[in-house]
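A.B. asks: this one's structure only:
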């Protein structure tokens, strides 16, 4: 049996011995076809969304463009959210409009990426109506 201290957080992982917030990424997810096909922007955005998960809110994770713009430009945020949805890592719960943030959920559809079993619902694209 392994010593319990073997599983404690190491100094390179946290400032405290018991961090208040941590992120779990599983090996099978990171070894999956879906994960390996993600861009570096998508991985960064996924981590930013997943860090909000508290074990009770898997379908209630808000994410704003203001948060995304701290990581990348707005156009890349939009493209990257679509990428995460298409790869089955997140799904849209509520698409925000105007000043309302979008709500996302964590998805297990990544397990079916690259197969006909993958079922994702893309974000609704807004039509830009020209003035005049």
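C.D. replies: Yes, it's here. Being a predicted model, the structure only gives us computed values, none of them experimental.
A.B. asks: Quick check: which element contains the residue nearest the centre of the chain?
C.D. replies: Nearest to the mean C-alpha position of the chain, by Cα atoms, centre = their mean, lies residue 46 at 2.7 Å. Assessed by DSSP states H and E, residue 46 sits inside helix 40-50.
A.B. asks: any idea which helix or strand of the chain has the worst average confidence?
C.D. replies: helix 65-68 (a mean of 88; mean pLDDT, DSSP states H and E).
A.B. asks: Could I get the buried residue list for stretch 54-68?
C.D. replies: Neighbour counts using 16 or more other Cβ atoms under 10 Å place 61-63, 68 of stretch 54-68 among the buried residues. Placement of C-beta: from N, CA and C, glycine included.
A.B. asks: what's the answer for stretch 25-43, then?
C.D. replies: Buried residues in stretch 25-43, counted by 16+ other Cβ under 10 Å: 32, 34-35, 38, 41-43.
A.B. asks: before we move on, back to that, dump the residue contacts of the residue nearest to the centre of the chain.
C.D. replies: Contacts for residue 46 (Cβ atoms under 8 Å, 6 or more residues apart in numbering) come out as 38, 84, 89-90.
A.B. asks: Pick out the one among those residues with the largest number of neighbours.
C.D. replies: With neighbours taken as other Cβ atoms under 10 Å, the top of those is residue 89, carrying 27 neighbours.
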